[in-house]
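**Q** Here's my sequence, what's the structure:
(2 chains)
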Amino acid sequence: MLVNPKPLLWLLPLLVILSGVGCQRSRAGITVAGSTSVEPFAELLAEEYMIRYPQSHIYVQGGGSTAGIEAVRTHAAQIGMSSRSLTSEEKDLYAVTIAKDAIAIIVHPKNPLQNLPLEKVIEVFSGKIRNWKELGGNPHLIVLVTREEGSGTREAFQKLVMGKEEISLESLVQDSNGAIRQVVSGDPNAIGYISLGLVNEKVKALKISGVEPHLKNIVKGRYRLVRPFLFLFKGRPEGEANSFLEFVLSPEAQELLQKEGLVTIRP
Amino acid sequence: MMVEIKEKIIEKMLLLIAFSSISILALIAIFIFGEGLPLIWKIGPKAFILGERWVPSQGSFGILPMIFGSFWVTLGALLLGIPLGLACAIFLCEWTPPWAAMVLRPTMQLLAAIPSVIYGFWGLIVLVPLVRNYLGGPGLSILSGSMILGFMVLPTIISISEDSLRALPPSFKAGGLALGATHWQTIWRVLIPAARSGIVASIILGMGRAIGETMAMIMILGNAVKMPSSFLDSARTLTTNIGIEMGYASGEHRQALFATGVILFFIIMILNSSAIILSRRRMG
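**A** The predicted structure is shown next:
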């Protein structure tokens, strides 16, 4: 009598799962997790690092600043990434600023507005100014575009710009810098905020209180909407994590970050 | 004897596999309720369901705007999907020449197979600017979302309605025609009322699809957390609330998203059980 192989088939998924477990164990490496704003830059740096040290493995994951902080605390990741300053409860982690990123207020290129005082930005985003006419533009309702709750960019914008004022609940909510840029580039009445590094020709970054969001102005501290990109460690960095950090802070890596639109920590 | 034992073993194994798939559903349900219910109890079911403010960073968790968002988007989708779907089903049953059926049916199945992100992307690039330019508002609106969803529920409505029309005994149609009614009178007065429960079931299942859709809606609805006041307003549905905020949520915020899932779970359960009850009545 032949043995029917069919019942054995459903062992297959089990085997696949088990082999997956084996794979993870056999490769040592460090995990970098957190802010999706920092993620693309960390990936770039990790690639460069792995070209230099082919034995090393650096896994970069997103998830958000808060998730990154949680991951470092629970040892799920050796390095956490955050695109906002730590709150007082989070100060137990060792934080290193790897670069700075400016937040640009963007509008459609056809929007006649060039400059917006910071107080007006607050009034616009809190919903007190609702029409472009009040800012000297065309008589049209302002379409606010913001990031979702929990986003590091939103938290930084809240802290740097809004202060105690609440971002209007009327605002459209998009879940990435790219989605905000997409909406603003398509709607002549929209206004939003994104990382300066991601501003392209399809949108226009406004001057804030007369200061253009430019590298020079950021370095000199004239443009104020700047947030730190942090690497977080539980305790002092050591081993592979430390050597990756040293690489990230090295002049060549910093130059790479500057090319990508970030502001380096050393002028 | 050997054969019988083997049969028994196979039977038991299949039983085990069947139950394991259900137990996964049970595990998901237990997990969602375990994560979500504590928050609902903490702030009170009434405050959670009827609260109009959703500002997780300040600890306000009210999902009424999302319930309204889901309701309006689904209603809009059905207003578009029901007439189109029913017309298509009637045409497929009663008038379609064979060559047209050969084109229509596969096309309709293709409609069901297109990933929702494609619908969303198309809506964002084509439909949203049209609505913004011709009707006003931000374009990312309930109207755009309803239009896309209306198309997405079509395959469900068409295929189940068509099945229930075809399941009618041929004597119904013959009787109607024999009494001197025209073809259309027979369809409208005899066939559709007779197939009513199946058609209603198809609509309810389409509704379930509409309420559950997430990806396309995140891209098209604009996701503002406010009570929508017109069809040109942006809105957020229960599913997109989870989808858009899950990436960054932690602590109570995360629990609140699971709690949103609990409410969604109840809505879908009610919809699906009513569809099952209605289609049983058809069989009986």
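**Q** Determine how far the host helix or strand of residue A:243 lies from the middle of the whole chain.
**A** Following DSSP states H and E, one finds residue A:243 within helix A:239-249. Computed by C-alpha atoms, centre = their mean, to the nearest Å, the separation of helix A:239-249 from the middle of its chain amounts to 20 Å.
**Q** which SS class is the residue in chain A that chain B sits nearest to?
**A** Using C-beta to the nearest C-beta, the closest approach of chain A to chain B is made by residue A:150 at 3.0 Å. Any C-beta I mention is one placed from the backbone N, CA and C, and that applies to glycine too. With DSSP: H, G, I helix; E, B strand; the rest coil as the basis, residue A:150 sits in coil.
**Q** So what's the residue count around residue B:135?
**A** Neighbourhood size, residue B:135 [other C-beta atoms under 10 Å in any protein chain shown]: 13.
**Q** Surely it touches residue B:143?
**A** Yes - with contacts counted by C-beta atoms under 8 Å, residue B:135 reaches residue B:143, the gap being 7.1 Å.
**Q** if we can go back for a sec, moving C-terminal from the helix holding residue A:243, which element do we reach first?
**A** Note on helix A:239-249: by DSSP H and E, the next helix or strand toward the C-terminus is helix A:251-259.
**Q** can you state the direction angle for that following helix and helix A:239-249?
**A** 60 degrees (axes from the mean of the first three to the mean of the last three C-alpha atoms, to 10 degrees).
**Q** which residues touch helix A:251-259?
**A** Residues outside helix A:251-259 that contact it (C-beta atoms under 8 Å, 6 or more residues apart in numbering or on different chains) are A:41, A:44-45, A:48, A:98-99, A:215, A:247, A:264-266.
**Q** List buried members of the residues you listed by neighbour count.
**A** A:41, A:44-45, A:98-99, A:215, A:247, A:264 (16 or more other C-beta atoms under 10 Å in any protein chain shown).
**Q** now, among those residues, which is nearest to residue A:195?
**A** residue A:41 (10.1 Å; C-beta to C-beta).
**Q** Is that closest one in contact with residue A:260, as I believe?
**A** Yes - applying C-beta under 8 Å as the test, residue A:41 and residue A:260 come out as touching, 6.2 Å apart.
**Q** what are the ranges of the helices in chain B?
**A** B:2-43, B:45-50, B:64-94, B:98-113, B:116-122, B:128-135, B:142-166, B:170-178, B:183-186, B:192-194, B:196-212, B:215-221, B:238-245, B:252-283 (DSSP state H).
**Q** Make sure residue A:232 is actually in contact with residue A:93.
**A** Yes - applying C-beta under 8 Å as the test, residue A:232 and residue A:93 come out as touching, 4.7 Å apart.
**Q** list residues touching both of those two?
**A** A:69, A:72, A:80, A:86.
**Q** tell me the SS of the second one?
**A** Spelled out, that is residue A:72. Recorded secondary structure, residue A:72: helix (three-state DSSP).
**Q** any idea how far it lies from residue A:239?
**A** Using C-beta to C-beta, to the nearest Å, we find residue A:72 at a distance of 15 Å from residue A:239.
**Q** Residue B:184 - how many residues pack around it?
**A** Neighbours of residue B:184 under the rule other C-beta under 10 Å: 10.
**Q** again, but for the one 3 residues further on
**A** Burial of residue B:187, expressed as a neighbour count using other C-beta under 10 Å, amounts to 18.
**Q** Next: residue B:17.
**A** Residue B:17 has 10 neighbouring residues, counting by other C-beta under 10 Å.
**Q** before we move on, back to that, pipe the helices of chain B into TSV and attach distance to chain A and mean pLDDT per row.
**A** Shown next, in TSV, are those (distance: least, C-beta to the nearest C-beta, whole Å; pLDDT from 0 to 100):
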stretch	distance to chain A	mean pLDDT
helix B:2-43	6	92
helix B:45-50	16	92
helix B:64-94	8	94
helix B:98-113	25	88
helix B:116-122	11	93
helix B:128-135	6	92
helix B:142-166	12	93
helix B:170-178	42	92
helix B:183-186	45	92
helix B:192-194	41	92
helix B:196-212	19	91
helix B:215-221	7	93
helix B:238-245	5	92
helix B:252-283	6	86
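**Q** Can you say which of these is packed in most?
**A** Mean neighbour count (mean count of other C-beta atoms under 10 Å in any protein chain shown) peaks for helix B:215-221 among those, with a mean of 27.
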